[in-house]
Each structure stands twice: as C-alpha cells, then as structure tokens.
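Visitor: Sharing a sequence plus its predicted fold:
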2 protein chains.
Amino acid sequence: MVTIKDIAQIANVSVSTVSKVLNGKGRVSEKKRREILKIARDLKYTPNYYARRMSSRIRVHTIGLIVPDITNPFFAKLARGVQRVCGEDVLVILMDSFRDLEREEKLIRKLRFFGVDGIIIGNSRVSDDLVKEVSQFLPVVVFDKNYEYKNVVSIVLDNFHGAYIATKHLIDKGYRNIVHIGGTHELYVSLQREEGYKAAMKDHGLSPRVYPTGYDELKGYKMMKRILKAENVDGVFCMNDLVAIGAIRAIKERGLKIPDHIGVVGFDNDEELCETVSPSLSSVHQPVEEMGEAAAKSLVDMISSRIRVRKYVFSPRLVVRESSSGKKG
Amino acid sequence: MVTIKDIAQIANVSVSTVSKVLNGKGRVSEKKRREILKIARDLKYTPNYYARRMSSRIRVHTIGLIVPDITNPFFAKLARGVQRVCGEDVLVILMDSFRDLEREEKLIRKLRFFGVDGIIIGNSRVSDDLVKEVSQFLPVVVFDKNYEYKNVVSIVLDNFHGAYIATKHLIDKGYRNIVHIGGTHELYVSLQREEGYKAAMKDHGLSPRVYPTGYDELKGYKMMKRILKAENVDGVFCMNDLVAIGAIRAIKERGLKIPDHIGVVGFDNDEELCETVSPSLSSVHQPVEEMGEAAAKSLVDMISSRIRVRKYVFSPRLVVRESSSGKKG
DNA sequence: CTGAAAGCGCTAACAC
DNA sequence: GTGTTAGCGCTTTCAG
C-alpha cells in the first residue's frame, strides 16, 4: 500500500507538503505541486479512508439503513429515496434483517460499532426500548411510529386519511356494503387504516365491518372467500395491495364482476402489481421515495446538528383504476 | 466522545490494560477486569471503528454494491443474496446509480476512496476499461459478462440455455410459428438469449424470427401489436417478463386467447408479476439470490486472498404456468 | 512556501 | 499482571 510518506520520500519533500497538495490546502510552489501530483498518480496512490476519518472531521458521513426485506417494493423504494440524497458524500450501509426481529435488533445494536453516524430504521416492529437505547448513541429516523425521544425523528404517513379517502371513494362510486380486510392489530398502521375506514363509513351513515387478517395474497384470498359466503358485500377496502389481489382472485372465482358487482381498493399502490392485475387495482399511494429522501435529509441534519424537525407527516393520495370505477346493476 | 483513555484514567490503569480487557486478550486480574468493564458500560463507551481499523487487521470487511436500480426486483434480490452472506461481519455499502451510466462510473471510481475492500457491480453496461481500472485497486465481481482480468470474477447465467429451453418448451407444447421479442443488441445477455432461441428453432427445423425491441412493458406491447398485424404467429418468447406482459396485453386486445391460440414465455420469473398477470406467465427463472450470495462469497474470498474461481455459471430453469400450457384448435 | 511534530484512538510488542 | 511505547496514515498547527 502506497502512503503519503512514500510520495514524500520520492518527491523529496515532507509529508505535510504532500498532504497540502493532495487536499488543495495551504500554498505550495507550482513546481512541487505538479511533481507531487504526478508521483501520486503514477503510484496509484489511494488515501487511507480510515486514517483520514480519524485525524480530521471529514465531511463524508455514513448512515445505516435497516430494512426487513429489501425485496419488498416498499423498502426498495425507501432505499431509493435515501440513495437520492446520498451516494456522493454520504455512504449508506444496507442491512436486511430478513424479517427476523431478533436479527434486526442485533444489527441495530451492532451498527454503533461500525462507524455509522446515524440510523434509519425502515419498519416499526422494533421495540421502543431499543429505539430509546440506540438513540443515546446515534441519531435515529424511524418510520410509521411517533417517538418523543430527543435524537429521534419519525416519518409517518397519514394512514387514517388514506383509508378515509379510499373508503369515501368507494361510497361515492355507489358501493354501500363495504368491508375492510385489515392487518393484525400489532401494527400501528393497521389500526390507523382501520380507524380511517370506520370514520368514513360512519360519516356516511354506513356501518363498518372489519376483518383483521394479515398482509399477504393468500390471507386476502381466504378471508374474501369467507366473507363472500357469509355476507352481503359490494365493496372491499384492503389494508394493502397484496391482500387486495387475493381478494380479487376470490371474487372472480365466485363469478362476480369487478367493478360492476364489487368495488376494490388497495393500499400502497405498488404500480407493477396494480396495473398488472386485471382489472387494474385502485390504490392509495404513499410517496415512499420522498419519505426516504426526507429520512436521509433529516438524518444528515441531525448528524450535522443543524436545526431539525421531530416528525414528518406525509399525505397519501388515491390512484383510481378500474377496480373501483362504479357499481352497475 | 469517551475513549479508552478516559476509562484508563478512571480505573487507574493503563490504556493497554483497558484494551486487553475490552478485547479479551492477554491476562488481567479478575478484579480490574470487572471494574474496567463496569466503567466502560457506565460511560457508554463505543470503540472507535476507524481507529480500530487503522491499528490492526480487523476482521470486518466492507464491500460496495452498485446497482442501476434497487427498485427493480432483479437487483433487490441480488442485494438480498449479498445480504445473506453479509451483515454480521461484512458491511455492504449500497449505491444506486439510477440507471445513469455516468453516475455509475463516478460512484465506482469513488468507492475506492471510501475504504471498501471490494466491489460488486450489478450490471454489465459499465465499460471494460473501467472494470480493468478499478480491479487494479480492488477485487471486483461483475455480472453477466466474462472478464479475463486478474482480480475480477464473473457471475453469469447461462442465458443461451435458458432461451433454448424456453423455446423448446413452446415447440413441445405444439406451437410452431414462434417469434422472439428481444432486447437491443448492446447487451450481451440479449444476444445470448437470441442465440439460444435461434438454436432451438433450428434444431427443430423451424425458422427463427427475431425482433430486437427493448426491455419494458410498453415496448413489448407495441412490438407485439405490430407483429400480430403483419405475421402469422402462435408463440412468443420474450427477453424478459415485462416485455412479455406487454405482449400479452397486445394479444388480448386483438381478441386472441392465451394459451389456446398463442403461447407466451418470459424471462426472469418475477413471481409477483408472473402470477398476477392473467393468464399467469411461464418464465425462465434465474437463481438471482444465489447469484448474489456467490458474488459476496467470492468477493470475500478474494479480499482474504483465499483460493478463488474466475467465473461462476448458473443454470436457469423453466417455470411453467398457464401462458404456455398448449395450443388448442 | 516548507517541514517538524503533535495528535486522532487504538493495538501490540516488549519490558518490568 | 501491568505499564510503556511505538506505530497505523493522515491532518494540522506552528515555527522557520
């Protein structure tokens, strides 16, 4: 490994002169400067990142990004938003926990020893205690949950509102017997979406019916099948797109037409999915990439101890496609 | 920031004793050891990662992972495979180039200054010269292209074979007038898939017809529309799933039935996509996660200068779904 | 302009 | 067992 010292020796100057030239600081005679630069190039000199970071307050930061599954479009988009802010001078260490909560907590704890300057935690199932603990050492950004700890900023979506507009949209389109296939109650977002749905129903004099179910296609399929057998339904608001797609499958199997007999709306607006399924699926869109950007920005702000906010609330919007375009007959 | 020196002072011992305790090396009296550990805990001491890396051959490695778009399931899966091998003691710096070749090359060049010990380049459009250049400084793993440089290992899929089995499958199912909607010719993989298709056709006495087109849904849709107007077709082998989905849309619009009138096979086997589209899409599966694992493993091997291979070739397999289940009528 | 020297925080010989 | 000391590679005063 070639060091600044090697260069100094060859150029017959001191290391500090070389350092100055390489960093463009202080003044050095043009002659020496050229010579030193040339030598450095010839020797393929690479400054030692770790030595640099040690001896000076260097401008490059490192942030850790923890996600439960980078393969999930939500987290991939999140990562993308983060990348949009970083890359050039902020490094992102990606860690995938494979939805293993234990691994996740271990990774988060470990991150502190890996020289990161801050952490973005891309999901909300980690314990509050852990967030509190880690935030004593590093600034932290979390999603989908509110924290009052100093050194922590929360990025949340207005899930209530998203669910509300989705439900209201179905009502406006003429559907009346609208059910909600929701997530389990451990997740804060599930609760919020459920509340939004309920509020919209009540505001329109309709009675809500909620089926807490889960988060994947199969769960949606099975639950919808059950509901169709037992109930009079003409509308479904699902907690996410996967569940909605399962529901669509069940509805089709039963020989019912979407949107003519039943309207369906999902959540997340995974575009590939929503546009590929037939009929195409209306869905509530979260500005995930922007949320990722906000996360990275405010983390960097905290790291540089600039002014910061405690919480960002993003607004969802409804993307209307075929699956909810109006009841007929 | 609390350092080992602070601890030493409080405990009234030397820094080396503290270091020994903290690293579990050498022998220290039980009494002091407990005391030191306690102080460290009380002070919330965090070892300085950069100082450590400087003063010793530390066991944790850092690798850079460059992808053109983490949002693309292919690269997300790749990242996942890499993560499966890393995380605990190998850090992964993720860099997304946003499909901007210039940014990509800049990032790759820059990575060298960020203390990474090796690089995985997740696509093949970077210039050979750059790969050569970078591999002078760091071990490199590249995908989908063969390199003979020392310090570079290639991970490739047998695209020829994949295309061959896909085409042969269509033939076996009774389709005869099979066309290939392919990628542009800049990409090595496009060429290989095209060759595989041609070979299969010729081996069965059929004449190949290739339409180099592109990589997204819209391109597939438009091209298929044109083909349907001009030609007699009963089978399509597409260069990827997106293109296939576009083709399916065009075929349906034309009022033709899949698989009864026309059989369709894609490539990549993006499961969500393939199973969501109707009819579900047969596709050639790449073991992407495994490829990512192999990439990470062999990179770490190179870093530790263990024995290494020059090249990994993975075999694709065909996943048969509805879209190619046989011609009728 | 240029160089000597003091650290950054930690590890690892090597004495005691 | 424990402490002293010499680096790791680089930046940064501070003299000259």
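Guide: Nice, I can see it.

Visitor: C-alpha only now, for contacts and for neighbours.
Guide: Noted.

Visitor: Pull up the residues of the stretch 51-200 of chain A that are close to chain B.
Guide: Counting by C-alpha under 8 Å from any C-alpha of the partner chain, the stretch 51-200 of chain A comes close to chain B at A:51, A:53-54, A:69-71, A:73, A:76-77, A:79-80, A:83, A:87-88, A:91-96, A:107, A:112-115.

Visitor: out of those residues, which touch DNA strand D?
Guide: Contacts with DNA strand D are made by A:51, A:54 out of these, judged by C-alpha under 7 Å from any atom of the strand.

Visitor: Give me the buried entries from the residues of the stretch 51-200 of chain A next to chain B.
Guide: A:53, A:69-71, A:73, A:76-77, A:79-80, A:83, A:87, A:91-96, A:107, A:112, A:114-115 (16 or more other C-alpha atoms under 10 Å in any protein chain shown).

Visitor: In strands only, show me these.
Guide: A:91-96 (DSSP state E).

Visitor: circling back: could you list which of the residues of the stretch 51-200 of chain A next to chain B belong to helices?
Guide: A:51, A:53-54, A:73, A:76-77, A:79-80, A:83, A:107 (DSSP state H).

Visitor: and the least confident of these?
Guide: pLDDT is lowest at A:P73 among those; the value there is 89.

Visitor: That one and B:T71 touch, don't they?
Guide: Yes: under the criterion of C-alpha atoms under 8 Å, A:P73 makes contact with B:T71 at 6.4 Å.

Visitor: which regions of the stretch 201-329 of chain A sit below the pLDDT cut-off?
Guide: Applying pLDDT under 70 to the stretch 201-329 of chain A flags the ranges A:329.

Visitor: Which residue does it have closest to DNA strand D?
Guide: A:S304 (16.2 Å; C-alpha to the nearest atom of the strand).

Visitor: Going along the chain, name the helices of the stretch 101-250 of chain A.
Guide: A:101-111, A:128-135, A:159-172, A:188-203, A:217-230, A:241-253 (DSSP state H, counting those that start in this stretch).

Visitor: quick one: which of the ones you listed is nearest B:V15?
Guide: Distance to B:V15, taken as C-alpha to C-alpha, is lowest for helix A:101-111 among the helices of the stretch 101-250 of chain A, at 23.6 Å.

Visitor: what angle separates the closest one from helix A:128-135?
Guide: Interaxial angle, helix A:101-111 versus helix A:128-135 (axes from the mean of the first three to the mean of the last three C-alpha atoms, to 10 degrees): 20 degrees.

Visitor: What residues are bridge-paired with A:I66?
Guide: A:M95, A:I121 (DSSP bridges).

Visitor: tell me which parts of chain A are close to DNA strand D?
Guide: Counting by C-alpha under 7 Å from any atom of the strand, chain A sits next to DNA strand D at A:1, A:3-5, A:15-17, A:19-20, A:22-23, A:46-49, A:51-52, A:54-57.

Visitor: neighbours around A:M201, how many?
Guide: 22 (other C-alpha atoms under 10 Å in any protein chain shown).

Visitor: same thing with A:L206?
Guide: 15.

Visitor: give me phi/psi at it?
Guide: Main-chain dihedrals, A:L206, degrees, to the nearest 10: phi -110, psi 160.

Visitor: got a list of what the closest residue to it other than its chain neighbours touches?
Guide: Excluding its sequence neighbours, the residue lying closest to A:L206 (C-alpha to C-alpha, 6 or more residues apart in numbering or on different chains) is A:R176, at 7.3 Å. By C-alpha atoms under 8 Å, 6 or more residues apart in numbering or on different chains, the contact set of A:R176 is A:170, A:206, A:234-235.
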